[in-house]
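# Sequence plus the predicted model coming up.
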Amino acid sequence: MNDALFEKAVARADAAVAKGPHATPAEGRHRTRHVVMGDPQADFDRVLSILALHGLLGGDGGLRPDVCLVSVGDHFDWGPASERERVARSGLRLVAWLASHPADQAVLLLGNHDLGRVGELADFTEATFRAAQEEADRLYAGDDTDAAAERDFIARWPALPSVELAARDFSAWREEQRVWVEHLLRARRFRVAHAAGDSLLVLHAGVTREDLDVVGLESGRWSEAGAVADALNGVMDRAVDAWTGGPLVLPGLHHPGNAASGEGLGIFYQRPSLQAEDAERVRETPRRRFDPRRLPLGLTQVVGHTRDKRVRELVSPGPVRDGVLRHLVTDGTRVDYAHGPPPRTGAGEAVMVFTDGAMREGRAEDFQLFDLDAQRAVPLDGR
């Protein structure tokens with residue numbers, strides 16, 4: 001990406017941040033290219049580089065007029081503790097830059113990190129979270145964190161389910177991010193799901209038959225992406241309309257974590273698993289694991305949230321690669337998982353396309369975006 005284009009994109013983002021929370025309405029223009037970007041937990045300049053390499057940026061520092069970009073969520077939190085300030089600014093820049101585009105050009109989907117701003121962190125101030133985080137930083141030692149010290153910590157900070165959440169998972173939280181997330185929720189710019197075709201759905205982590213049953217969608221419509229998106233977004237919109245403070249809960253779909261109930265649960269956290277130790281965890285909803293054999297047949301879901309390494313651990317052992325698209329296909333009995341875009345499937349199969357390729361790692365040239373129209377990786381030249 002040339003320096004002039006980069007400077008225009010950054011200037012557009014900074015102007016959007018300075019303007020304060022806002023959302024540009026749809027303009028009704030026909031878009032000929034529809035692209036999914038996996039979890040953008042990376043510096044804003046890395047995101048811009050990837051978009052430019054795939055021919056998606058225009059000369060004004062925004063998306064090309066013919067492009068509709070769908071971001072699958074998790075726009076915040078990455079990197080070491082020493083870089084929190086920079087990361088916090090970078091995440092806000094990205095969200096503001098996306099929101100500055102018309103709603104029918106940049107689709108913002110919610111991830112668990114985005115919802116954390118109005119969930120576990122809903123009642124924190126900058127000062128109180130900094131105090132909690134400083135304490136968490138002293139205690140957090142991964143799997144070796146002292147259990148007794150952690151119990152004392154969450155007793156003092158009951159909105160948090162663990163030391164790890166404050167020290168690592170929501171490491172770059174700032175109040176300004178929460179203001180933006182709340183505004184974009186109320187403006188209907190942050191969505192749970194986006195219907196990209198008759199049976200093609202985009203969302204953060206995926207839904208199963210049980211999830212669709214919870215929201216009251218009749219089984220005969222589970223393969224209809226529009227009906228599924230409307231049902232999921234409807235739950236969120238009703239919850240947001242009724243929300244007057246405290247953590248935002250989406251009944252049956254998203255329950256933020258806390259000291260009393262533990263880690264957050266629901267469709268923004270869940271990952272596929274065939275592991276025996278997860279046999280009980282996949283039975284109920286909301287949850288953090290699901291049985292991929294329970295995916296709605298006839299529906300293709302394009303998701304982020306889960307990297308190749310984790311799917312290899314939970315579903316299908318094999319060589320791990322970051323950056324690449326991956327797919328899972330099931331007929332309700334067998335489960336096939338492999339690198340690459342999905343094969344042709346029929347009404348008796350369910351498909352997941354995984355787009356979280358660890359954006360901040362490796363070369364920008366190796367990070368693949370998903371072409372919703374051709375259902376393949378977007379070429380580097382964008383054609």
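Perfect, thanks for sending it.
# A strand includes residue 327, no?
Yes. Checked against DSSP: H, G, I helix; E, B strand; the rest coil, residue 327 lies within a strand.
# May I have the predicted confidence score for the residue nearest to it when sequence neighbours are not counted?
In space, and not counting its chain neighbours, residue 327 is closest to residue 342: 4.0 Å by Cβ to Cβ, 6 or more residues apart in numbering. For the C-beta atoms, the positions are set from N, CA and C on the backbone; glycine is no exception. pLDDT for residue 342: 96.
# And residue 382, by the same measure?
The model reports residue 382 with a pLDDT of 58.
# pretty sure residue 89 belongs to a strand, no?
No. Going by three-state DSSP, the assignment for residue 89 is helix, not a strand.
# where's it relative to residue 25, distance?
The gap separating residue 89 from residue 25 is 26 Å, by Cβ to Cβ, to the nearest Å.
# same deal with residue 257?
Remark: distance between residue 257 and residue 25 (Cβ to Cβ) = 34 Å.
# same check, this time on residue 83
35 Å.
# So these two - more neighbours on which side?
residue 83 (14 against 11; other Cβ atoms under 10 Å).
# Would you mind giving the secondary structure of the more buried one?
On the three-state scheme (three-state DSSP), residue 83 is labelled helix.
# That one: what's it in contact with?
The neighbourhood of residue 83, defined by Cβ atoms under 8 Å, 6 or more residues apart in numbering, contains no residues.
# again, but for residue 364
Applying Cβ under 8 Å, 6+ apart to residue 364 gives the contacts 46, 49, 50, 53.
# can you confirm the first one is in a helix?
In this case it means residue 46. Yes. The assignment for residue 46 by three-state DSSP puts it in a helix.
# thought it was touching residue 360?
Yes. Assessed by Cβ atoms under 8 Å, residue 46 is found in contact with residue 360 at 6.1 Å.
# Report the contact partners of the residue nearest to residue 327.
Counting by Cβ under 8 Å, 6+ apart, residue 342 touches 300, 327, 329, 351, 353, 375.
# All the strands of the stretch 51-200 of the chain, residue numbers only.
In the stretch 51-200 of the chain, the strands defined using DSSP state E, counting those that start in this stretch lie at 67-71, 106-109, 190-191, 193-197, 200-203.
# could those strands go into TSV alongside distance to residue 235?
TSV is the format used below for these (distance: least, Cβ to Cβ, whole Å):
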stretch	distance to residue 235
strand 67-71	20
strand 106-109	14
strand 190-191	12
strand 193-197	10
strand 200-203	12
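# of those, which approaches residue 38 most closely?
Checking these against residue 38 by Cβ to Cβ gives strand 67-71 as the closest, at 8.7 Å.
# can you tell me the average pLDDT over that closest one?
Here the average pLDDT along strand 67-71 is 98.
# helices or strands up against that strand?
Judged by 3 or more Cβ pairs under 8 Å, 6 or more residues apart in numbering; DSSP states H and E, strand 67-71 is in contact with strand 33-37, strand 106-109.
# Pull up the pairing partners for it, direction included.
Using DSSP bridges, strand 67-71 pairs in its sheet with strand 33-37 (parallel), strand 106-109 (parallel).
# ok, residues contacting it?
Residues from elsewhere that reach strand 67-71 (Cβ under 8 Å, 6+ apart): 31, 33-37, 40, 51, 56, 63, 98, 101, 104-109, 194, 196, 202, 372.
# from the middle of its chain, how far away would it be?
Relative to the centre of its chain, strand 67-71 is centred 14 Å away, using Cα atoms, centre = their mean, to the nearest Å.
# If anything else comes up later, I'll come back, but that's it for now.
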